[in-house]
Every structure is written in structure tokens, then in C-alpha cells.
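Undergrad: All I have is the shape, not the residue letters:
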């Protein structure tokens, strides 16, 4: 080899030449080269419009530095344009799924759950409190209007700090220690947010599945804003839309998370064309989308996405009839065999992805129950541990999930950098003797003739476990748990209620114990907010009143009384003020450990499977994936804009 | 007669007022409101519900005001023809309902016609051939339609329509025709789908109607005038058509009052199972989500149609059957 390098042969010279030639095909973002307009490839979808002059050519539509996605790897190959991706949804509101699947954010989580710029070109962070965001020059909204720092200014000054539009002030993510940032526009592409204290949730909140939007299409929205619009036309618009005032009008037309307004410009890969209500929504490729593949082909590959709305219980059947090209929503594990059978006749594959909840099913002892007897019992860690070890998780896994799930506590998944096997297995063994010993230790030694233990006041140790009753799997699991607990002298009555009623009962403290999924996001990383591990919200069913206390800043709810919970609150607040990655990781570890030891939520199984139906013509959908709202945005992290149809008959 | 009609029309006003109060109360009975439902759903999805945002929406839609005030706001709006605003769809109720009305009417009309076409001949045959094999057989068939749960029938039909004929599952047209203007191809696709809901929804009604026609007709067939007519040599067909059949139609006309609202509301459960975009599922969804103006206004609309329907059937009966008219007069 060395000799060859010194004396290039004809063969190597040719190779080098070929390499240089090939490199010419690469976009300028990949190599620092003079931009060559021929490098970009537009979808034939726009050919007519471009030729007619209704749409600028591709070079003028892309930002100067588009984001180059390297579409390569074991099951990812560069694709071609065209086709319509069909999906089924159960509700009009599900059009927000497109905001998730598109997963276009200022920053996004990459494969290693690290934050990476997407819409932004770069982010510069100083001391964890000064954030300079730089936009891509020449980036445009889907209507062709420029996307600049003016859109950020509009949001900050005219939306977030406008009494009428945001009576509560700017969102939590923009407050550090209750303080607003200093906001500066440095140039057309540069803005700066600076706080006096560190603000670790700022960047993660921009990358969330449901992100904090800190920009808005100002060019479009100014026509609805009191400060910019002409009074007479604005009044006429308010009248025509039959709303209260300009604020309602602005509210209605400015929703970015739920793309209900076809006129609202977007940065997402596809934009909605259909106004509400409709049976089918059509999403069309955004001609100004900022991502390209390594060959310079503008993403998304797929020209159109349709979402057909129907009854959600029919979706498995419709999917099996081949009416969807990519479907996971409204499919459940118990549909798997049916879908697999149908896939023999139809043109689709069924894949099994892993769900990313901390626990697919967890018991939530209500530490804020009104009844003092049950409340005190629930607060006794020995009792919670006894419940946990009394459950035979292996049986549940075998019976309900064919052994495909993982018996684990409600904690980080193995795929998470914060996973600790010890946390996942703590108090998870099935040990009836230990459970009995723990219960005896609490003093629940007396038993009724039928074997049920008696509380010191003579009451029987029996209570209802409430669920939202949304799936038969939940009640099946509870039936198994019922048997296990009966063996140690505890009697439970599973009861399902309608979801809202269920939630309200818990908040009111009327429930002793409930069943619900564990942490929504168990693919945690140190940079994510550890809010699920401490009482931070009234929607946490194990300590709703304590959560409410923190959420409302002490105006409502109760102050946490248990020392371990106080410790969690302290740790959470320390995270909110943390600066370094190491600091955050230490705090996360400590919080996960306390939760594992204390069993504030009693996890049963996690890593359950989610069927994903994929048309055989659709390429680049991973064989194995993780399915979760946060941080994956369901399909979002796998970039559906890089999925493409491998067939000649793609209708475009 | 005119006085009678006028009196009936005046009576409709208090009836509707009481109905509106009832509807409003019942919809408000469950705790919480649309915004809490919204928060619960968002949470089930893993999303965080921003509490200040929800508070904002509540004041935005006047939910900080007492129910009485909201009721008056709603009722006065209704009187002006304003059906209120749907939270879920973010637009006036009339726009949402309007879109689905046509489809619902098509399904219901065809179903009603189907019911009549099937039930009348069978009913007449059963009555004239009482206790024959035909009577038993046809009645049995009708009763199956009544006895089997509609949603089950719907699922079975849908499955076989898909496997045998390749009809797309659910809905009234193939997905590619959605949001497209009416065309021959689309119409064909509608017809291809329409027979399933029509048979299923019609099946139950058919059985009921067969029984009613049969029973009423049997009553008449045993009466003196018919026996006399037959004895005097009137051919059976003519004798049947001329008197007993007509007399047995009373029940049918008094049914018109129910037909009107059912044309608009359709069969909700079947519509949900078949995922038809008719008004039925819309109403149920609105009730579940506590989208109160949508649900309330829609129910009011149905009550209004019922009242009108009853009025029409009363007038028709008064014209058709002098006995009813006389009784009406006697009470005055």
C-alpha cells in the first residue's frame, strides 16, 4: 500500500478521479465546497408548479445550509420521491400526530438521546444560562415567507408577554427560578436568551414531543393581532369567525401543535391541506422543508400523507384489510396474531417495537387518600414492599404477554444511559414469605376466618383498585394480582371507571389505590427533566395533592410530609438549578434509587410490545424500534421524512 | 281544525323550553367539563396539560360564569338561530352538523324505504296466511334481525363484504373518494357500501313493523265489514286493499313523529361500529367529551324535529280518521 501511495498507478489515479467525481454529487453541507445548484434534487411533484413559475426552483427554496441527513445504515437506504402514505386515525384531534411524526423541532433528540440542532443551525450555551440560538440563513416557512428571528420576537413580545394571549405569562420552560429571561435579537438569524440562574429545561423543552414553541409565523399571524392589524378588517374577521374578540381569533388560527388551520405556515415536512371537520386529512410535502439526504434530494421522500378518520375500534380491522401503510396508533399487542395472520394475504409486515414506559402497568398507592387508615398504611414502606413481593410478575408476563415483556420496577429502561439493573429488580422478586413477614411486622397479624388480615381497628384489609378500564389487559392483570395478594391475606376488588371519573376520584383522594402506566418516558437521559420521579403534578396518581402543591407554587394541595418525598423534591429543585451534565446525572441516579427503594409506584412489567404495521413497499422503517411519546415522538425519532415507497406504481 | 293546529303550535313553545332546560341540566350533571376531559386525554397520551392554558380556555368560553348564565346565553342564542360553538372542532355547531346531515339523511331515507318495502309485503302475507309455514318462516327471519345485536351484525357483514367483495371496511365510500366532489364513481362506491348499514339498521325495524302490520291487519280481517264484503263476493285482493289495509295504517302514520328525528340522528351504535360519518357518532362523541354546546344544540334540534313530527302525524291522523278528529273536538 505504501509503495502505491508514493507511486500512484494508473488504477489508483482512476479511483481518485472517480472519488472526486462522486463527491461532486454530494451537497455542499457535506463538504465545504462552493454551492452548486445542480446538487439539489426536487420532487417531480412540484415539476409542474416550478415550470409554471408558481413555485421557485429548489435552490431558492432551501436554506443556505440545509440539514443533511445521512440516510444510510443497515436498514436505511437513500430513496426517491413519490407516493402517498396512508394512515388511519380515530379522532379529528389525532392530526397532531403529524406534528409528532414529522418531529421537526428547533433541537431534536438524536439516536443517542443527545440534543442535536434541527431547525437551528447551532446553539451556543454559556454557564447553563446564556443561550444563543442561530437560525439557518434563508430558511422559509411552508408558504415561502422568511423564517427569521422576527418570528421569535413576535412570539416573545406579542404572544408570550401579551396579557390577552397568555394570561399566565410565558411558559415554565422560559422561567428560571421564576424569572423571565433577557431576550435579545442579535441579527436576522441570531437571538439570545439569558437568565441570571441556570435553566436546564430550556433546551430539552424545545426538543420535546410536545415542544415549547418559542416562535410563530409572525408574517401570517400579524393580521390577527390587535397591535398590527387594521382595526376594521380585524373586527370584520372576528365577526366572520363568530368568536369573542381578536384574542380568540388569534388563538384559533395560531395552533402549531395541532395543525388545524391549513393556512398557518409550518416548518414541518408535510402541511395540512384540509380544514376541520373532515373524514380524511391530506398532508402535502412542504416545498421549503430544510432537510435533504446525502444525495441532495429534498426530504420528505413521500409527497403526501393521508389520515383517514374512523372509529378507533375498527382500526385493527381496517389495517388488516390493507388500508394503512404505516400504523401503530390504536393497535394493541392483543391484535398481533390477527394482524400477523392478515399479513399473509395482504401487502404488509407486522413488526414488534418495544414500548418505552417505565412500567406498562403499575399499582399506585394513593399517599394522599382521605381515609386516614388507608393513607397511613399506604405511606408505610413495608406495606408497599409487601405488596410488591407478593405479586408473581413472571406469571403475569407469561399469561398476558407470552413472556415477551420484562418484569421490572417502574424505572429507566435498559436502553437508557441511566439504567441500573439493581433499581429495576429491587423488591421485584416473588416472595410470599417475605411479604407475610413484612405485613406481620406492621402489626397486621390478626386474620378473619377467611384468611383476610384485619387492620388494628378491626377493619378487613380489603380495598378496591381502580383503573381507567381502557383495556381488558389491565383487568386481566389485576385478576392475577388479586390471586397473589389473596395468598398473603389482602383482598382487592378491581374496578374500572370512565377515565375522567377515575381521574377526578383520585384527585379528590377517594381512591385507595389505582392502576395506571408508570413513567411515560423511561428512555431517560440526564438532560431530561426528572419531573416524573418527584411530586410535581396533580396528575401523578400516587401523590396528587403533593403534586398539586408544587405545581401551584403552594397555593393548592398539601406540602409533602414523608422525608423521602421531601428529599425527592429537594433533588428535583437541585436539578432545576443544575449547570453541568455530571451534576444532573448524579441527581437522576439518586432520584431513581429513592424511587426504587421506596416503591412509590409498584411497577409490574415494562418493555411490552407494540405492533407496527408497515407496507411492504415502504422502506427505511426500522425493524426494531422503541415506541413512545416522549422522547421518541412515536415514529418521529426515526424520521418518517426518510421513509419512501419502493414501487413503480406510487401515485404522486 | 285551524284552531286545533294553532293550539298545538303554541303548545310547542313551552315544551321546547322545558326540554332545553332538561337537556342543559343533564349535560351539566357529570362533574367537570370539556376542558378536564381534554386534560385527561392529553395525559393518557403522555402529554402534559398546561394548567394555565386550560384555565385560559375556560374563561375564554365563559366557564367561569355560573351555569344559569350559560344556560340563558345558550337558549337566547338558539332563539336567534345560533347553535353555539363546539370546543372540540373549534367552529360553530351548525357548520359541523350541516356537513354530516346529508349523509345521515341518505342512510336513513334508504333504510326507511328498505324497512317499508320489506315489512309491508311480509306483514300482509303473514296476516292473510296466519299460522302458515310462510308466516312462521318470514316472522322468524324478521325476529332474527331484531334479536341479533346490531354491532355484531355490522362486524360480520363488514368482514364478509371485505373478504368476498373487497369493499373497504367501514365508512360510506372508498377512502380515495373522500373529500372529493360527487361523481358517478363515487356514487357507485357509496352504493357499494350503503347496503350494509341499510340492512343492519333496517333489520330491527323490519321485525317490529312486520309484527305491527300483521297484528293490525288481523284485527281488521276478523271484523264484520270485511267478512261481509268477502261473503258478498268482493275479490280477496280488492277487499283487502280497500278497507282493512287502510285501517291498519293508523299506527304507521302516528309513527311519522318518530321518523323525522330518526332520519337526522340515525342509528348511533351501528354508525359508530361501521364508522359512518353521520351525525350519530358526532353526538355520542360530543356527549362523551362534554362538548356541551354541540351536544346540547344537537339534542335540541332533535327535540324540535320530534315536536314537528308529532304535529304532522297528528294532523295527518285527524285528516285520515274522523274518529280522532271528533274526539279532539269533544274535549274542547
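TA: Great, that's in hand. Computed from a predicted structure; not experimentally measured.
Undergrad: Run a quick neighbour tally on the residue lying closest to residue A:391 once chain neighbours are set aside.
TA: Nearest residue to residue A:391 in three dimensions, chain neighbours excluded: residue A:484, at 5.1 Å (CB to CB, 6 or more residues apart in numbering or on different chains). (Each C-beta comes from the backbone N, C-alpha and C, glycine too.) The tally of other residues near residue A:484 (other CB atoms under 10 Å in any protein chain shown) stands at 21.
Undergrad: List the buried residues of the helix or strand containing residue A:484.
TA: For residue A:484, the host element (DSSP states H and E) is helix A:472-487. Neighbour counts using 16 or more other CB atoms under 10 Å in any protein chain shown place A:473, A:474, A:477, A:478, A:480, A:481, A:484, A:485, A:486 of helix A:472-487 among the buried residues.
Undergrad: what's it in contact with?
TA: Contacts to helix A:472-487, defined as CB atoms under 8 Å, 6 or more residues apart in numbering or on different chains, come from residues A:332-334, A:361, A:363, A:387, A:390-392, A:395-396, A:399-400, A:430, A:432, A:451, A:465, A:467-469, A:491-492, A:494, A:496, A:515, A:604.
Undergrad: Any figure for the gap between the residue in the stretch 201-332 of chain B positioned nearest to chain A and residue B:197?
TA: Closest approach between the stretch 201-332 of chain B and chain A, counting by CB to the nearest CB: residue B:275, at 3.6 Å. Distance of residue B:275 to residue B:197, computed by CB to CB, to the nearest Å: 10 Å.
Undergrad: Share the number of residues neighbouring residue B:52, please.
TA: Every residue meeting other CB under 10 Å relative to residue B:52 is counted, giving 13.
Undergrad: how near is it to chain A?
TA: Noted for residue B:52: a distance of 3 Å to chain A, by CB to the nearest CB, to the nearest Å.
Undergrad: hmm, back to that, quick check: neighbours shared by residue B:275 and residue B:197?
TA: Counting by CB under 8 Å, 6+ apart, nothing touches both residue B:275 and residue B:197.
Undergrad: ok, now which ones touch residue B:168?
TA: A:318, A:321, A:323, B:162, B:174, B:175, B:193.
Undergrad: which secondary structure element contains the fourth one?
TA: Assessed by DSSP H and E, residue B:162 sits inside helix B:150-165.
Undergrad: now residue 293, nearest residue through space, not along the chain?
TA: Since you didn't name a chain, this refers to chain A. Leaving out its chain neighbours, the residue that sits closest to residue A:293 by CB to CB, 6+ apart is residue A:71, at 4.6 Å.
Undergrad: That was the other one, I meant chain B.
TA: Nearest one to residue B:293, counting by CB to CB, 6+ apart, is residue B:84 at 3.2 Å.
Undergrad: Could you do residue B:260 as well?
TA: In space, residue B:260 is closest to residue B:309, 3.5 Å off (CB to CB, 6+ apart).
Undergrad: Does anything pack onto the helix or strand where that neighbour lies? Which helices or strands?
TA: Using DSSP H and E, residue B:309 falls within helix B:292-320. Packed against helix B:292-320 by the contact rule (3 or more CB pairs under 8 Å, 6 or more residues apart in numbering or on different chains; DSSP states H and E) you find helix B:2-28, helix B:67-79, strand B:85-86, helix B:93-128, helix B:250-254, helix B:256-265, helix B:279-289, helix B:322-331.
Undergrad: neighbouring strands for the third one, and are they parallel or not?
TA: Paired strands of strand B:85-86, with direction, are strand B:91-92 (antiparallel) (DSSP bridges).
Undergrad: What's the mean pLDDT across the strand it pairs with?
TA: What strand B:91-92 shows for mean pLDDT is 79.
Undergrad: same check, this time on stretch A:539-550
TA: Stretch A:539-550 comes out at a mean pLDDT of 90.
Undergrad: what comes into contact with that stretch?
TA: Residues contacting stretch A:539-550 (CB under 8 Å, 6+ apart): A:364-368, A:503, A:506-507, A:509, A:511, A:514, A:516, A:532, A:534-538, A:556-560, A:565, A:569, A:600-601, B:39, B:43, B:49.
Undergrad: And the pLDDT for residue B:25?
TA: 89.
Undergrad: Would you quantify the distance from it to residue B:296?
TA: In terms of CB to CB, residue B:25 sits 10 Å off from residue B:296.
Undergrad: Which of the two has more residues huddled nearby?
TA: residue B:296 (25 against 11).
Undergrad: So for residue 171, what's the nearest residue that isn't a sequence neighbour?
TA: You didn't say which chain, so I picked chain A. residue A:212 (5.2 Å).
Undergrad: try chain B instead
TA: In space, residue B:171 is closest to residue B:275, 5.6 Å off (CB to CB, 6+ apart).
Undergrad: quick check, the one you found in a strand?
TA: No. Using DSSP: H, G, I helix; E, B strand; the rest coil, the assignment for residue B:275 is coil, not a strand.
Undergrad: Could you check how far whatever residue of the stretch 101-250 of chain B ends up closest to chain A is from residue A:327?
TA: Residue of the stretch 101-250 of chain B nearest chain A, by CB to the nearest CB: residue B:178 (3.8 Å). The gap separating residue B:178 from residue A:327 is 17 Å, by CB to CB.
Undergrad: do residue A:109 as well
TA: Distance, residue A:109 to residue A:327, using CB to CB: 23 Å.
Undergrad: try residue A:184
TA: As judged by CB to CB, residue A:184 and residue A:327 stand 45 Å apart.
Undergrad: Looking at the two, which is more packed in?
TA: A count of neighbours by other CB under 10 Å puts residue A:327 above the other of residue A:184 and residue A:327, at 25 against 13.
Undergrad: can you pull the contacts of residue A:604?
TA: Counted by CB under 8 Å, 6+ apart, residue A:604 has contacts A:359, A:360, A:361, A:362, A:363, A:391, A:393, A:396, A:407, A:477, A:481.
Undergrad: Correction: the previous question concerned residue B:59.
TA: Counted by CB under 8 Å, 6+ apart, residue B:59 has contacts residue A:167.
Undergrad: mind checking which helix or strand it is in?
TA: helix B:51-60.
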